[in-house]
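*Asks:* Here is the input, now give the coordinates:
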Amino acid sequence: MLSDDSMLPISLGVYGTWGVGKSSILRLVEQQLATDKRNLIISFDAWLFQDFDEAKSALMTVIAKSLYEASPETLKERAAGFYRRINKLKVLGLAADVGALLAGVPTLGLFTKAAGSAEDMWKGTSDEEDVEAVRDATKAAQERGSGLLRPQEKRNAPEEIAAFREEFGALLSSMGRRLVVFVDNLDRCLPTNAIATLEAMRLFLFLPNTAFVVAADEEMIRLAVSKHFSEPGDRHVTDYLDKLIQIPIRVPKLGLQEVRAYLAMLAIARAGSEKANDVRDFLISKLRKSWSDEPPFEVKDIQVMLDLPPDDELLLTLEAMDRLAALLAHSVRINGNPRIVKRMLNVIRMRSAVAKRRGMALSEAFIAKLALFERCMGEEAIRDFSSLVNSAPDGKPALLTELETIENESLEARLPKTWQKHIDFVSDWLKLEPLLGGVDLRPAVYLSRETLPLRTLSAHLSPLARKAVGTLLKTVSMNSKASKDAIDQIPSEEMADVMDEIIVAMNRNPDWSRIRSDFRGAALLAKANPAGYEKLVRFLAGIPKKPAWMTAMMKDEDEPGAKRKA
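*Replies:* Numbers count the residues shown, from 1 in each chain. Reported below is the predicted structural model:
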């Protein structure tokens, strides 16, 4: 559509939820369009201008600057004049004000004068009086409110906007170029900035040889419209977006074969294979025919293309990822979302690296299976899994071995309660290779603590350690016998984990203006354990202005007021 002149001018909306690949689609389309030198392509990231004062005029400025840079020498002066129009408004801080004025403010007295001043500014002949006239007019417009004005008292289709659009269209036509503007990350902006960008885009819409492509979560934009215009009716919200976007294109979720291909390419790209592009072309050719009876690709096809031996690490990874594909494509918590898939693989890779450095006999396939469980199950289910492993002899829960051999009909009754609401997922997950029955899963539980949300750390502590955390957070003095006794009860291997939990609790309260019980407990624990001491020191490094009492506790000195209390 963008390459077909008969379709121009056009505005397209690439719609989809977070992570489905909207930005990737824009980049791929941009790469294809770049092969035609007639296309003048502008990529505009609305989020980059989120916190800048000129955000409302940013799109206009970017387009004007791009036109100037792309124009031949014979048109430089005309392009410079167009750029100066927008740039002057930006420098004066009036881009938004003039936009509001020219969009239809009343023509009563003050506003008539302001309209003339705006015209002077467009012609480049304005002075301080013109600037003040526009400012006064827009301020008065805000104070009166459009609801108090009769429709016939408003300016419609202002000549200034017409002149602006006419000059833009003439410049583009003289250049013989097709302008394609990609607007991305609009749904990340605050409602005000999202609407400001759309309003700026509206100035350029539907002019000859122009195309706008907006990538956004449709529901987020509708929410921005609703918030910005003070809860208009549903019909008005729909009308606003539909008038801006002629053709909506909704990104479909990935199917099983797409997820398989995506996983394979992520693994191959990570391995740095020289034949990655050949594999990619092969996978694309297969996906293009996935609608037909032609069989899907197999991992062995890739093995042959890359000439991988049976024990090659890349081949083992490809096989492990391929086994996960069905659950990644169909699980309601992942639903084939490419960004979620990639983030999950990053977790798997990080844990695999940690496992290798710490000498854990845990393959990437085991780590991947457990990471999938964590992603698709709730936190309560994850806690129960960890408790199951920690309480089992040698970290080998007998229940897992039993569940892997049970028939589906009687499976639900044997599952922990927190797993039962995920019965469909658990049923498929238990059958997924490699099986977990008879495997020491303590290393896997340890690795999960490195990446799970901090608020779940306490779930992995033993009862004694959890009790110690509660006591230390309420330490009344540095001589507290209860706190010291609690520290003595903590298993040595959990000392550092208890400090982690206390630090998490301290992070919830940034007020260090007074002596705090939780820090007393942390300081006592630090004196009893070197690893805990190192963690607390790192925590202290993040506090810019440490109070004297905190330093005193760390130096094993009495806290202020201790002698007076005695």
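*Asks:* Please parse this structure into its domains.
*Replies:* 5-103+158-250, 109-148, 331-456, 461-565 (automatic domain parsing).
*Asks:* out of those, nearest to Glu258?
*Replies:* Evaluated with CB to CB, the domains of the chain place domain 331-456 nearest to Glu258, the distance being 7.1 Å. Heads up, the C-betas are built off the backbone N, CA and C, glycines and all.
*Asks:* Reformat the domains of the chain as TSV; add mean pLDDT, distance to Gln257 and mean neighbour count.
*Replies:* What follows is these, written out as TSV (pLDDT from 0 to 100; distance: least, CB to CB, whole Å; neighbours: other CB atoms under 10 Å):
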stretch	mean pLDDT	distance to Gln257	mean neighbour count
domain 5-103+158-250	80	16	18
domain 109-148	49	53	16
domain 331-456	83	11	17
domain 461-565	82	42	16
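*Asks:* List the contacts of the residue nearest to Leu415 when sequence neighbours are not counted.
*Replies:* Nearest residue to Leu415, sequence neighbours excluded (CB to CB, 6 or more residues apart in numbering): Val426, at 6.4 Å. Contact partners of Val426, counting by CB atoms under 8 Å, 6 or more residues apart in numbering, are 377, 411, 415, 419.
*Asks:* Would you check which pair of those residues lies furthest apart?
*Replies:* Every pair of these checked by CB to CB; the farthest is Met377 and Leu411, at 15.3 Å.
*Asks:* does Thr61 really touch Ile86, like I thought?
*Replies:* Yes: assessed by CB atoms under 8 Å, Thr61 is found in contact with Ile86 at 5.6 Å.
*Asks:* And the contacts of stretch 319-337?
*Replies:* Applying CB under 8 Å, 6+ apart, the set of residues contacting stretch 319-337 from outside is 17-20, 253-256, 258-260, 263-264, 266-267, 299, 340-341, 344-345, 363-365, 368-369, 372, 375-376, 425, 428-429, 432-433.
*Asks:* before we move on, what about stretch 484-497?
*Replies:* 449, 457, 460-462, 464-465, 467-468, 471-472, 498, 524-525, 528-529, 531-532, 535.
*Asks:* Please save the CA atoms from it in PDB.
*Replies:* Output in PDB follows, covering the C-alpha atoms of stretch 484-497 (Å, rounded to 0.1, in the frame of the first residue of the first chain):
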ATOM      1  CA  LYS A 484      20.900 -12.500  68.700                       C
ATOM      2  CA  ASP A 485      19.100 -15.800  69.500                       C
ATOM      3  CA  ALA A 486      17.200 -15.600  66.200                       C
ATOM      4  CA  ILE A 487      20.500 -15.200  64.300                       C
ATOM      5  CA  ASP A 488      22.000 -18.200  66.100                       C
ATOM      6  CA  GLN A 489      19.000 -20.300  64.800                       C
ATOM      7  CA  ILE A 490      19.500 -19.400  61.100                       C
ATOM      8  CA  PRO A 491      21.100 -22.200  59.100                       C
ATOM      9  CA  SER A 492      24.500 -21.100  57.900                       C
ATOM     10  CA  GLU A 493      23.700 -21.600  54.300                       C
ATOM     11  CA  GLU A 494      20.700 -19.200  54.600                       C
ATOM     12  CA  MET A 495      22.400 -16.300  56.300                       C
ATOM     13  CA  ALA A 496      22.900 -14.400  53.100                       C
ATOM     14  CA  ASP A 497      19.300 -15.100  52.000                       C
END
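*Asks:* how far does it sit from the chain's center?
*Replies:* 38 Å (CA atoms, centre = their mean, to the nearest Å).
*Asks:* which residue sits closest to Lys253, ignoring its sequence neighbours?
*Replies:* Nearest non-adjacent residue to Lys253, counting by CB to CB, 6+ apart: Gly336, 4.7 Å away.
*Asks:* how much space between the one you found and Lys289?
*Replies:* Distance, Gly336 to Lys289, by CB to CB, to the nearest Å: 19 Å.
*Asks:* got it, and Asp322?
*Replies:* Using CB to CB, Asp322 is found at 19 Å from Lys289.
*Asks:* Show me which of those two is the more surrounded one.
*Replies:* Just comparing Asp322 and Lys289: by other CB atoms under 10 Å the higher neighbour count belongs to Asp322, 18 against 12.
*Asks:* Sketch out the strands for this structure, chain order is fine.
*Replies:* Taking DSSP state E, the strands of the chain run over residues 10-15, 39-45, 178-184, 210-216, 247-250.
*Asks:* Distance to Trp512 added to those, as a markdown table?
*Replies:* Putting the strands of the chain into a markdown table (distance: least, CB to CB, whole Å) gives the following:
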| stretch | distance to Trp512 |
| --- | --- |
| strand 10-15 | 46 |
| strand 39-45 | 38 |
| strand 178-184 | 41 |
| strand 210-216 | 42 |
| strand 247-250 | 50 |
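*Asks:* Out of those, the one nearest Lys545 is which?
*Replies:* Short answer: strand 39-45, nearest of the strands of the chain by CB to CB, at 36.2 Å.
*Asks:* now for the closest one, which elements pack on it?
*Replies:* Strand 39-45 is packed against helix 22-33, helix 55-70, strand 178-184, with contacts defined by 3 or more CB pairs under 8 Å, 6 or more residues apart in numbering; DSSP states H and E.
*Asks:* Next, the angle from the shortest one to strand 39-45.
*Replies:* Between the direction of strand 178-184 and that of strand 39-45, the angle (axes from the mean of the first three to the mean of the last three CA atoms, to 10 degrees) works out to 20 degrees.
*Asks:* Distance from strand 178-184 to the middle of the chain?
*Replies:* The answer for strand 178-184 is 22 Å, by CA atoms, centre = their mean.
*Asks:* Tell me which strands it pairs with, and in which orientation.
*Replies:* When pairs are called by DSSP bridges, strand 178-184 turns out to pair with strand 39-45 (parallel), strand 210-216 (parallel).
*Asks:* what would those strands look like in a markdown table with distance to Val181?
*Replies:* Shown next, in a markdown table, are the strands paired with strand 178-184 (distance: least, CB to CB, whole Å):
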| stretch | distance to Val181 |
| --- | --- |
| strand 39-45 | 5 |
| strand 210-216 | 5 |
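*Asks:* mind listing what Lys227 touches?
*Replies:* Taking CB under 8 Å, 6+ apart as the test, what Lys227 contacts is Pro191.
*Asks:* ok, now how distant is it from Pro191?
*Replies:* 4 Å.
*Asks:* who wins for proximity to Arg383 among the strands paired with strand 178-184?
*Replies:* With respect to Arg383, and counting by CB to CB, the nearest of the strands paired with strand 178-184 is strand 210-216 at 37.0 Å.
*Asks:* Now do the closest one: everything it contacts.
*Replies:* 1-2, 8-15, 22-23, 25-26, 29, 172, 178-187, 198, 201, 204-205, 244-245.
*Asks:* Identify the residues contacting the residue nearest to Ile502 when sequence neighbours are not counted.
*Replies:* Among residues not flanking Ile502 along the chain, Ala522 sits closest, at 4.9 Å (CB to CB, 6+ apart). Applying CB under 8 Å, 6+ apart, we find Ala522 in contact with 472, 499, 502-503, 506, 532, 536, 539.
*Asks:* Let me have the residues you listed in CSV, adding distance to Asp311 as columns.
*Replies:* CSV is the format used below for the contacts of Ala522 (distance: CB to CB, whole Å):
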residue, distance to Asp311
Leu472, 49
Met499, 42
Ile502, 46
Ile503, 43
Met506, 48
Gly532, 42
Leu536, 45
Phe539, 44
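*Asks:* Which two among those residues are spaced furthest apart?
*Replies:* Within the contacts of Ala522, Leu472 and Phe539 form the most distant pair, 14.3 Å apart (CB to CB).
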